[in-house]
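1. Structure of the sequence below:
(chains A and B)
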Amino acid sequence: MSGGTPTADVRLPRSLAALFPGNRRQIPASGSTLAEVIYDLDRTMPGIRDRLVTAGPSLRRHINVFVNGEQSDLATPVPPGAIVHVIPAVSGG
Amino acid sequence: MSERVSLLIGTPKGAFILESDQRQPPWRLRGPLCEGWPIHDISVMPGTGALLAGASNPWYGPAVWRSDDMGATWSHSSEGLTYGDAGPSITAVWNVTAAHGTIYAGVQPAGLFRSDDGGATWSHVEGLTNHPTRPDWQPGRGGLILHSIVPHRTDSDRLWVGISSVGVFETQDGGVTWETRNAGVRADFSPVPYPEWGQCVHKLVMAADGGEHLYQQNHCGVYRTSDGGRQWEEITSGLPSQFGFPMVAHPRDPATIWNIPLTEPDQGRFMPDASAAVWRTQDAGASWVRSGNGLPQEGAFVGVLREAMAGDGLDPAGVYFGTSTGQVYGSADEGLTWHLVADNLPPVWSVEAIAT
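-> Here you go, the predicted model:
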């Protein structure tokens, strides 16, 4: 279920937050799975789902998402009050 | 006439803008823009002045960026820029070209998308992907990329595209159906020297008079056509190499183009004899003249990529190119003499020049 009472506290990296108005690093979002949370996040920050999710659908290859500290995929359940960290993979160049 | 020019530079570490009031030093540099995203191409939307940048980000995927204030602020979108959940993931936008109120985006893996709302949302031009040859398209060294988009000047239903190691296609019905346009173009790497498709086009441009006169730099030579690509004629003779990437058409003279020959792929892909030069024809490829005046003439092991040369449309025509080693050079006299515009940039992937 998305769009209801916020169930997750989503933390965004600087490089992602900077792509959207307000440059918000911490956003509440609702949903019972990570996929639903990202859909709900997209309502607050239109376009953010495209930055995180690719065909499949699946998380982009170099995007790591942790739900309460556990590495997750789109099907991962998001319990009430969860902290969701979005972290780009380490890269050089 | 004002000679104020802005150069829009795409690099793997963001976009940059170079500006000069007289097409001469000093050039002022702004950037990196677009949050440092890798930028493959920047173009200007006719009638609006909006800057459009085709981008790929290793973490956040492909997008088209737009600025309505000459690069001061940007927005981005990739809504609809997808082959669907069952299709392959799009990794990059290689070319953004606007004409007749529509913005086209060429992507990797090769396909064409269009936006009719200024880049806010995108839709797949399925007719090209549905071409019967599509299942057999194979990537070249640079990937399976749609890199050249050439709209007809007056007929909004006509459009040519170039796809590496696949060739040139034309639509005459707004993208519903497409036909190959490769006759007369060699494919030395193929057992069939002149196949219907499979040629490795590197850059496709339209001559100044528009319509049916096109030129292309190919992996295997330089070509011209006077019938919209139904038949190509090779014009490589007189150049030091058949290989290269960029090509620019003169803004007024349909017989004049510039290109930059590079050594063959197995010979390093740099300027022949490590001596930098731009070559120009003024007779539609019957003869070519070299100009290295003002460019490094020894020890210049530099390459220039397909989008990294542009003209400013002024009179006399200005021409500019950026190198794989981060230099930008410019000429305000139709390519006769050159000067260093900028140095120590990231590798230059694209250059666009606009008179402002």
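2. So B:D273 lies in a helix, does it not?
-> Yes: according to DSSP: H, G, I helix; E, B strand; the rest coil, B:D273 belongs to a helix.
3. what about B:W160, which helix or strand?
-> For B:W160, the enclosing helix or strand under DSSP states H and E is strand B:159-163.
4. Can you list the strands that that strand pairs with?
-> On the basis of DSSP bridges, the sheet neighbours of strand B:159-163 come out as strand B:146-151 (antiparallel), strand B:167-171 (antiparallel).
5. Can you pull the residues of chain B lying near chain A?
-> B:12, B:35, B:58-61, B:63, B:76-79, B:81-90 (Cβ under 8 Å from any Cβ of the partner chain). The C-beta positions use only the backbone N, C-alpha and C, and glycine is treated the same way.
6. hmm, 7 Å instead?
-> In this structure, chain B approaches chain A at residues B:35, B:58-61, B:76-79, B:82-85, B:87-89, judged by Cβ under 7 Å from any Cβ of the partner chain.
7. Which of the residues you listed sits closest to B:P347?
-> Minimum distance to B:P347 across the residues of chain B next to chain A is 15.4 Å, recorded for B:P58 (Cβ to Cβ).
8. pLDDT value on that closest one, please?
-> Model confidence at B:P58, expressed as pLDDT, equals 94.
9. From A:D50, how far out is B:A274?
-> Between B:A274 and A:D50 the distance is 43 Å, computed by Cβ to Cβ, to the nearest Å.
10. Looking at the two, which has the bigger crowd around it?
-> When B:A274 is set against A:D50 and neighbours are counted by other Cβ atoms under 10 Å in any protein chain shown, the residue ahead is A:D50, at 21 against 15.
11. Give me the phi and psi angles of the more buried one.
-> Backbone torsions of A:D50, given as degrees, to the nearest 10, read phi -60, psi -20.
12. who's in contact with it?
-> Each residue near A:D50 by Cβ atoms under 7 Å, 6 or more residues apart in numbering or on different chains is listed here: B:G61, B:S78, B:E79.
13. Surely the last one is in contact with B:T121?
-> Pointing back at B:E79 there. Yes: shown here, B:E79 and B:T121 form a contact pair, counting by Cβ atoms under 7 Å, at 4.7 Å.
14. which SS class is the residue sitting nearest the centre point of chain A?
-> In chain A, the C-alpha nearest the mean C-alpha coordinate belongs to A:I38, at 5.0 Å (Cα atoms, centre = their mean). For A:I38, the secondary-structure state derived from three-state DSSP is helix.
15. swap in the one 4 residues further on?
-> Counting by three-state DSSP, the backbone at A:D42 sits in helix.
16. so where does the nearest residue to it once chain neighbours are set aside fall, helix or strand?
-> By the measure of Cβ to Cβ, 6 or more residues apart in numbering or on different chains, the closest residue to A:D42 outside its immediate chain neighbours is A:R49, 4.1 Å from it. Using DSSP H and E, A:R49 sits in helix A:48-52.
17. Among the residues of chain B next to chain A, the buried ones, what's the PyMOL command?
-> Selection of the buried residues among those in PyMOL, burial being defined by 16 or more other Cβ atoms under 10 Å in any protein chain shown:
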select buried, chain B and resi 35+58+59+60+61+76+77+78+79+82+83+89
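18. Cross the residues of chain B next to chain A against strands and list the overlap.
-> Among these, the members found in strands (DSSP state E) are B:G61, B:H76, B:S77.
19. so what's the second one up against?
-> It refers to B:H76. The neighbourhood of B:H76, defined by Cβ under 7 Å, 6+ apart, consists of A:L19, B:A63, B:V64, B:W65.
20. CSV for the strands paired with strand B:159-163, including mean neighbour count and mean pLDDT?
-> Output for the strands paired with strand B:159-163, formatted as CSV (neighbours: other Cβ atoms under 10 Å in any protein chain shown; pLDDT from 0 to 100):
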stretch, mean neighbour count, mean pLDDT
strand B:146-151, 24, 98
strand B:167-171, 24, 98
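21. ok, residue 19 - contacts?
-> If you meant another chain, say so; for now it's chain A. Under the criterion of Cβ under 7 Å, 6+ apart, the contact partners of A:L19 comprise A:R51, B:E35, B:H76.
22. not quite, I wanted chain B
-> For B:E19, the contacting residues are B:S6, B:W27, B:R28, taking Cβ under 7 Å, 6+ apart as the criterion.
23. please redo it, this time with the cut-off set to 10 Å
-> Counting by Cβ atoms under 10 Å, 6 or more residues apart in numbering or on different chains, B:E19 makes contact with B:R4, B:V5, B:S6, B:L7, B:P26, B:W27, B:R28, B:L29, B:R30, B:M70, B:G71, B:T356.
24. ok, back up a step: so how far is the helix holding A:R49 from its chain's centroid?
-> 8 Å (Cα atoms, centre = their mean, to the nearest Å).
25. and what of stretch A:42-56?
-> That offset, for stretch A:42-56, works out to 9 Å (Cα atoms, centre = their mean).
26. what's around the closest residue to B:L81 other than its chain neighbours, how many residues?
-> Leaving aside its sequence neighbours, B:L81 sits nearest to B:W122 (Cβ to Cβ, 6+ apart; 4.5 Å). Burial of B:W122 is recorded as 24 neighbouring residues (other Cβ under 10 Å).
27. Looking at B:W122 now. What's its pLDDT?
-> The confidence metric pLDDT takes the value 98 at B:W122.
28. Can you verify my assumption that it contacts B:S78?
-> Yes: shown here, B:W122 and B:S78 form a contact pair, counting by Cβ atoms under 10 Å, at 7.1 Å.
29. intersection of neighbour lists for those two?
-> Counting by Cβ under 10 Å, 6+ apart, the common neighbours of B:W122 and B:S78 are B:A63, B:V64, B:V93, B:A105, B:V107, B:F113.
30. Between which two of those is the distance greatest?
-> Spatially, the most separated pair among these is B:A63 and B:F113, at 11.7 Å (Cβ to Cβ).
31. More neighbours: which of those two?
-> Between B:A63 and B:F113, counted using other Cβ under 10 Å, the more crowded position is B:A63 (29 against 26).
32. For that one, give me the pLDDT.
-> We have a pLDDT of 98 for B:A63.
33. surely it meets B:T91?
-> No: contact status for B:A63 versus B:T91: not in contact, 11.5 Å apart, counting by Cβ under 10 Å.
34. Identify the contacts common to the two.
-> When Cβ under 10 Å, 6+ apart defines a contact, the residues bordering B:A63 and B:T91 alike are B:S56, B:N57.
35. Check which helices and strands the strand ranked longest in chain A sits against.
-> Of all the segments of type strand in chain A, defined by DSSP E, the longest one is strand A:82-88. Counting contacts by 3 or more Cβ pairs under 10 Å, 6 or more residues apart in numbering or on different chains; DSSP states H and E, the secondary-structure elements packed against strand A:82-88 are strand A:8-11, helix A:14-17, strand A:26-29, helix A:34-44, helix A:48-52, strand A:63-67, strand A:70-71.
36. B:R280 and B:T129, how far apart?
-> When Cβ to Cβ is applied, the distance between B:R280 and B:T129 equals 37 Å.
37. where's the strand or helix carrying B:G244 relative to the chain centroid, distance-wise?
-> Following DSSP H and E, the helix or strand that holds B:G244 is strand B:243-249. Here the centre of strand B:243-249 is set off from its chain's centre by 8 Å, with Cα atoms, centre = their mean.
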